[in-house]
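Asker: starting from these lines, generate the structure:
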Amino acid sequence: MPFIETAYKNILDYFYKDRTNSNIPNKLKGIWNLQTINNMSILMTLENGLYYPDKHRIIVKLYEPGNWLFKEENFFTKFFCKFIGYSYQFDFDKDYNKADIHIKLGCLSIYLSKCIMDWTLTVKNDKMVRYTSMFGRAHLYESKKFIKEDIYLLHDMKYDKLYYC
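Answerer: You can find the predicted model right below:
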């Protein structure tokens with residue numbers, strides 16, 4: 001898994017070098033800090049995802065560069081996700097305030113009963129709140145837009161480099 005040095009310019013260059021879609025609604029634009037999720041994800045953007053305005057849908061491929069930065073190398077994201085085409089499909093309401101999140105494997109979208117998997121995303125101001133429930137175990141995660149000052153947070157947590165697929 002390649003890496004980038006943790007510096008604000010490097011992070012901006014990584015996410016915006018080949019930005020494919022700047023047509024998504026302004027409230028969804030930006031780099032989102034995922035540190036509170038407490039897994040290997042650190043930063044992500046929706047702007048490089050596939051955007052379908054008529055369906056209010058954004059599909060973000062976990063395994064493609066320009067979408068996600070991770071705190072450590074990981075076999076799952078490097079090889080397995082690429083092999084199965086693992087993506088997140090965000091189906092938003094018409095105002096882009098709330099989305100249902102589905103797993104997508106290649107061209108197959110996985111729609112499970114809400115009692116098995118219920119993932120939603122609420123967007124308000126510069127925050128995203130993700131509700132995740134798997135078999136009734138619920139978690140709530142809050143993400144905020146990444147700003148230059150957040151770089152100090154990353155260094156304080158000893159992330160001198162971040163990894164990508």
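Asker: middle-most residue in this structure, spatially?
Answerer: The chain has residue 44 as the residue nearest its centroid, 4.1 Å off, counting by CA atoms, centre = their mean.
Asker: what's the closest non-adjacent residue to that residue?
Answerer: Among residues not flanking residue 44 along the chain, residue 68 sits closest, at 4.8 Å (CB to CB, 6 or more residues apart in numbering). C-beta coordinates here come from the backbone N, C-alpha and C atoms, glycine included.
Asker: measure that neighbour to residue 111 for me?
Answerer: Distance, residue 68 to residue 111, by CB to CB, to the nearest Å: 23 Å.
Asker: and the two? Which one has more around it.
Answerer: residue 68 (26 against 12; other CB atoms under 10 Å).
Asker: that one against residue 62, yeah?
Answerer: Yes: counting by CB atoms under 8 Å, residue 68 touches residue 62, with 6.0 Å between them.
Asker: so after the worst-scoring helix or strand of the chain on mean pLDDT, what's the next helix or strand?
Answerer: When the helices and strands of the chain are scored by mean pLDDT, DSSP states H and E, helix 75 comes last with a mean of 75. For helix 75, the following helix or strand on the C-terminal side (DSSP states H and E) is helix 81-84.
Asker: ok so, going back, now for residue 68 and residue 62: what residues contact both?
Answerer: 77, 165 (CB atoms under 8 Å, 6 or more residues apart in numbering).
Asker: and the lengthiest helix in the chain, average pLDDT?
Answerer: Longest helix of the chain, by residue count under DSSP state H: helix 8-16. Helix 8-16 shows a mean pLDDT of 90.
Asker: that one packs against which elements?
Answerer: Judged by 3 or more CB pairs under 8 Å, 6 or more residues apart in numbering; DSSP states H and E, helix 8-16 is in contact with strand 3-5, strand 31-33, strand 41-45.
Asker: perfect, that will be all.
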